[in-house]
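S.K.: the sequence isn't on hand, but the structure is:
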């Protein structure tokens, strides 16, 4: 999709940049900016709304971010209302077609059968997440190279736990933000694009840690990343 790159990716990245600033500086304006870019990103992929909601609740529950003030929360709904106002107008002009469809889907009626199966949803989610992770950071099919790459990544993760403790938790939640659409049981890879950003940041953090603690391993990991990039260009 090189000719039609979605703006959800840079908008999601900016959203998380401001959410990270909010987690470190506690300034309410950064949460509002997070909500603004989250709303923009959600315009290009509606399911991102549920994923951003999952991340916000998870980080607040883990006490990585502070629960915003009521005023900030109310203000933060404005970007979403503005972004989705065309859909709201459409809903009112068409006898609440969207609202009725959503209620029907949630209720599991004959037209919109939710048919949620935890095992099937988990299997599908893991498969899609694995695909996205591979395409985002190491898109090489050779088993030996894959074992080597992800072993180095795991070693870097273990080494990162102490110096990156809070930051690592922040990035880990983003990396698994797609859990926010687990209940929908969908197999479209593009719905998991936001989670790719977390894995890219996670890889960068682990590479940084390895450079400080074991440069030879950092060089090996970087060489594998370059090798994967070359393979991507060959595939194109």
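M.R.: Happy to help now that I have it. All of these numbers come straight from a predicted model, not from anything done at the bench.

S.K.: every contact and neighbour count from this point should use C-alpha atoms.
M.R.: OK.

S.K.: least trustworthy helix or strand in this protein by mean pLDDT?
M.R.: Every helix and strand of the chain was ranked by mean pLDDT, DSSP states H and E. The lowest is helix 97-107, at a mean of 74.

S.K.: name the helices or strands packed onto it?
M.R.: On a contact count with 3 or more C-alpha pairs under 8 Å, 6 or more residues apart in numbering; DSSP states H and E, helix 97-107 meets helix 85-93.

S.K.: re the thing from before, distance from the least confident helix or strand of the chain to the middle of the chain?
M.R.: 26 Å (C-alpha atoms, centre = their mean, to the nearest Å).

S.K.: what is the helix or strand following that helix packed up against?
M.R.: Following helix 97-107 in sequence order, the next helix or strand is helix 118-137 (DSSP states H and E). Under the contact criterion of 3+ C-alpha pairs under 8 Å, 6+ apart, helix 118-137 touches helix 193-213.

S.K.: what is the helix it packs on packed up against?
M.R.: If you count contacts as 3+ C-alpha pairs under 8 Å, 6+ apart, helix 193-213 packs onto helix 8-25, helix 118-137, helix 143-160, helix 165-175, helix 215-235.

S.K.: got JSON lines for those, with mean pLDDT and mean neighbour count too?
M.R.: Output for the helices and strands packed on helix 193-213, formatted as JSON lines (pLDDT from 0 to 100; neighbours: other C-alpha atoms under 10 Å):
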{"stretch": "helix 8-25", "mean pLDDT": "92", "mean neighbour count": "20"}
{"stretch": "helix 118-137", "mean pLDDT": "85", "mean neighbour count": "16"}
{"stretch": "helix 143-160", "mean pLDDT": "88", "mean neighbour count": "16"}
{"stretch": "helix 165-175", "mean pLDDT": "84", "mean neighbour count": "19"}
{"stretch": "helix 215-235", "mean pLDDT": "90", "mean neighbour count": "15"}
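
S.K.: follow-up on the earlier one: the inter-axis angle of the least confident helix or strand of the chain versus helix 85-93?
M.R.: Angle, helix 97-107 to helix 85-93, by axes from the mean of the first three to the mean of the last three C-alpha atoms, to 10 degrees: 90 degrees.

S.K.: so the residue of the chain positioned farthest from its centre, which of the three states?
M.R.: Taking C-alpha atoms, centre = their mean as the measure, the residue most remote from the mean C-alpha position of the chain is residue 95, 33.9 Å away. Under DSSP: H, G, I helix; E, B strand; the rest coil, the three-state class of residue 95 is coil.

S.K.: find the centremost residue of the chain, please.
M.R.: The centroid of the chain falls nearest to residue 195 when counting by C-alpha atoms, centre = their mean (2.7 Å).

S.K.: correct me if wrong: that one contacts residue 173.
M.R.: No: taking contacts as C-alpha atoms under 8 Å, residue 195 lies outside contact range of residue 173: 9.1 Å.

S.K.: against residue 189, how distant is the residue nearest to the centre of the chain?
M.R.: Residue 195 sits 11 Å away from residue 189, taking C-alpha to C-alpha, to the nearest Å as the criterion.

S.K.: cool, and residue 37?
M.R.: Note on residue 37: its distance to residue 189, by C-alpha to C-alpha, is 22 Å.

S.K.: give me the more crowded residue out of these two.
M.R.: Comparing residue 37 with residue 189 by other C-alpha atoms under 10 Å, the one with more neighbours is residue 37, at 23 against 13.

S.K.: show me the contacts for that one.
M.R.: For residue 37, the contacting residues are 11-12, 14-15, by C-alpha atoms under 8 Å, 6 or more residues apart in numbering.
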